[in-house]
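Quick one: sequence plus predicted model below, questions after.
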Amino acid sequence: MGRALKLSVLTGLSLTLAACASQIDAGVAKEAGSPGFWWGLWHGFIFPWSFIGSLFSPDIAVYAVPNRGGWYDFGFFLGVTVLGGGSFFGSKKRRS
């Protein structure tokens, strides 16, 4: 099997598995005060500190439940990857 074919099969299987993922209804709230995109962005940005705090205190969580669903998830993702330095630090090259 060629490398491109293996990559295509792996990508297809990953997308099929991801399509099966869903969020339980109890985790999604439609009320006006529930966390949405902006809270997700903030929670993603402070994720490293929230995780460390959660190791020492059961009152600290890294992810708000219930939340507004997809928009909260998108904000959380952006906060972790973009604001949290996920894509920035991975792109730096070492100088010799």
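Nice, thanks for sending it over.

Just the pLDDT for the spatially most central residue of the chain.
Among the residues of the chain, the one closest to the centroid is F77, at 3.7 Å (Cα atoms, centre = their mean). F77 carries a pLDDT value of 90.

Would you mind listing the residues in contact with it?
Counting by Cβ atoms under 8 Å, 6 or more residues apart in numbering, F77 makes contact with G40, G44. The C-beta positions use only the backbone N, C-alpha and C, and glycine is treated the same way.

Pull up the gap between it and L55, please.
According to Cβ to Cβ, to the nearest Å, F77 stands 22 Å off from L55.

Also V80?
18 Å.

and these two? which has more neighbours close in?
Comparing V80 with L55 by other Cβ atoms under 10 Å, the one with more neighbours is V80, at 20 against 8.

Quick check: the more buried one vs I52, distance?
From V80 to I52 the distance is 15 Å (Cβ to Cβ).

and the closest residue to S34 other than its chain neighbours, how many neighbours?
Of all residues not flanking S34 in the chain, R68 sits nearest, at 5.4 Å (Cβ to Cβ, 6 or more residues apart in numbering). Close neighbours of R68, defined as other Cβ under 10 Å, add up to 20.

Mind pulling the model confidence for R68?
At R68, pLDDT is 83.

do G84 as well
62.

With F56 instead?
For F56, pLDDT reads 94.

what number of residues lie near it?
F56: 8 surrounding residues under other Cβ under 10 Å.

how about low-confidence regions in the protein?
For the chain, applying pLDDT under 70 flags the ranges 1, 21-29, 84-96.

run the last query once more with 90
For the chain, the stretches flagged by pLDDT under 90 are 1-7, 10, 12-36, 40, 43, 47-48, 58, 60-73, 79-96.
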